[in-house]
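Peer 1: Sequence and computational prediction follow.
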Amino acid sequence: PSAVFLIPSVKILVFGAGAVGSLLGGFLARAGHEVSFVGRAGHLDCVERDGLRITGLWGNHLARPFRCYRKAAEISKNGPPFDLILLTVKSFDTECAAKTVAALMGEETILVSFQNGLGNVEAITAVIPENQYLAGRIITGVELAPGTVEVTVSADDLAVGALPGARPRQDPEEIARLLREADIPARGVDDILAVLWSKVIYNCALNGICSVLEIPYGGILDRPDTKASMERIVHECYAVAARKGVRLHPPSSGAYLSLLKEKLIPSTASHYPSMLRDLKKGRRTEID
């Protein structure tokens, strides 16, 4: 592994400082790292003025300082490159964002993406060398208000892993250790694609139903029709994965449904999907 993460302070860029990006950047800043944000002006104006307030399941904190940029073009290319870039944009912005951050990376920079959906990995690796890229999965619910993020649910640790066959400059477990030392629950994994697919199936099974009916995740199990729809969706997702040759964990749709019903849904029963908020506000969703 590169020595870059053996030093006390790491130079980090969070590209897409919305709910998830702000949460991760906030904890990393509290741990003493030099964190820069690229995000929306309304939110970053509050962060610059008052710091970032973090509330909810991960405790109450005030994080500062940050370098805040409303556009990537504001970032100077003349200084030392970032050690670590966290890509946390919506999936429909991935292609453009990957091209932008590529210009901000040095030879030792590591890019880690924490996003929903399929297709992000392919869009990123079209412009970023695989040995400088790690994929991540987050299954934590975060609400954003200007200057504030609230952790509402957390179903599992963050997962970080290399793509099959890649030889990354940084071991995924070293990135996970960096996150853990900042009080972010995280682990390195050997099968990141299976983990990403598992999150996709989670989103497919729950978000559409709950958004259309405006119910929390736990409400799916209260009705025979919604429960049956969820089961059909999971079976279909597993059929698609099998046709594409993707090996999933757990290995069968029946086992995944047991995981959903016994662990994942109960631990997030009162949570409403972010897709519902996007629909109510007329914002573009990540359905594609």
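Peer 2: Looks like it arrived, so ask away.
Peer 1: and Val212, what element?
Peer 2: helix 192-213 (DSSP states H and E).
Peer 1: quick one: buried residues of whichever helix or strand comes after that helix?
Peer 2: On the C-terminal side of helix 192-213, the nearest following helix or strand under DSSP H and E is helix 224-244. Neighbour counts using 16 or more other CB atoms under 10 Å place 226, 229-231, 233-234, 237-238, 241 of helix 224-244 among the buried residues. Backbone N, C-alpha and C define where each C-beta goes, glycine included.
Peer 1: what do you get for stretch 122-138?
Peer 2: 123-125, 127-128, 130, 132-138.
Peer 1: nearest to Glu108, of those?
Peer 2: Nearest to Glu108 among the buried residues of stretch 122-138: Gln132, at 8.1 Å, using CB to CB.
Peer 1: secondary structure element for Val20?
Peer 2: Per DSSP H and E, Val20 falls inside helix 19-30.
Peer 1: Could you tell me which residues within stretch 23-34 count as buried?
Peer 2: Buried positions in stretch 23-34, judged by neighbour count with 16+ other CB under 10 Å: 23-31, 33-34.
Peer 1: try stretch 77-93
Peer 2: For stretch 77-93, the neighbour count (16+ other CB under 10 Å) marks 82-91, 93 as buried.
Peer 1: Packing partners of the helix or strand of the chain with the lowest mean pLDDT?
Peer 2: For the chain, the helix or strand with the lowest mean confidence is helix 265-267, at a mean of 89 (criterion: mean pLDDT, DSSP states H and E). The helices and strands touching helix 265-267, judged by 3 or more CB pairs under 8 Å, 6 or more residues apart in numbering; DSSP states H and E, number zero.
Peer 1: Mind naming the longest strand for this protein?
Peer 2: What stands out as the longest strand in the chain, according to DSSP state E, is strand 105-114.
Peer 1: Dump the following helix or strand past that one to CSV, keeping only the CA atoms.
Peer 2: The helix or strand immediately downstream of strand 105-114 is helix 120-125, counting by DSSP H and E. Extracted in CSV, the C-alpha atoms of helix 120-125 (Å, rounded to 0.1, in the frame of the first residue of the first chain):
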residue,chain,number,x,y,z
ASN,A,120,-21.5,3.7,-12.0
VAL,A,121,-18.4,1.4,-12.0
GLU,A,122,-18.3,1.2,-15.8
ALA,A,123,-18.7,5.0,-16.2
ILE,A,124,-15.9,5.7,-13.7
THR,A,125,-13.4,3.1,-15.0
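Peer 1: quick check: mean pLDDT across helix 120-125?
Peer 2: For helix 120-125, mean pLDDT rounds to 97.
Peer 1: coming back round to it: what angle separates the helix holding Val20 from strand 105-114?
Peer 2: Between helix 19-30 and strand 105-114, the angle comes out at 120 degrees (axes from the mean of the first three to the mean of the last three CA atoms, to 10 degrees).
Peer 1: Centre of the chain to helix 19-30, how far?
Peer 2: Distance of helix 19-30 from the chain centroid (CA atoms, centre = their mean, to the nearest Å) equals 11 Å.
Peer 1: what's the model's confidence in that helix, averaged?
Peer 2: Rounded mean pLDDT across helix 19-30 is 98.
Peer 1: just to revisit the earlier point, quick one: strands adjacent to the longest strand of the chain?
Peer 2: Applying DSSP bridges, strand 105-114 is found paired with strand 82-87 (parallel), strand 133-137 (parallel).
Peer 1: got the contact list for the least confident helix or strand of the chain?
Peer 2: Under the criterion CB atoms under 8 Å, 6 or more residues apart in numbering, residues 153-155, 206, 217-218, 220-221 lie in contact with helix 265-267.
Peer 1: cool, and stretch 186-193?
Peer 2: Outside stretch 186-193, the residues that touch it by CB under 8 Å, 6+ apart are 121, 134-137, 157-164, 171-176, 179-180, 195, 246-247, 249.
Peer 1: centroid residue for the chain?
Peer 2: Centroid-nearest residue in the chain: Phe114, 2.8 Å away (criterion: CA atoms, centre = their mean).
Peer 1: Help me confirm that it comes into contact with Ser91.
Peer 2: No - using CB atoms under 8 Å, Phe114 is not in contact with Ser91, being 11.3 Å away.
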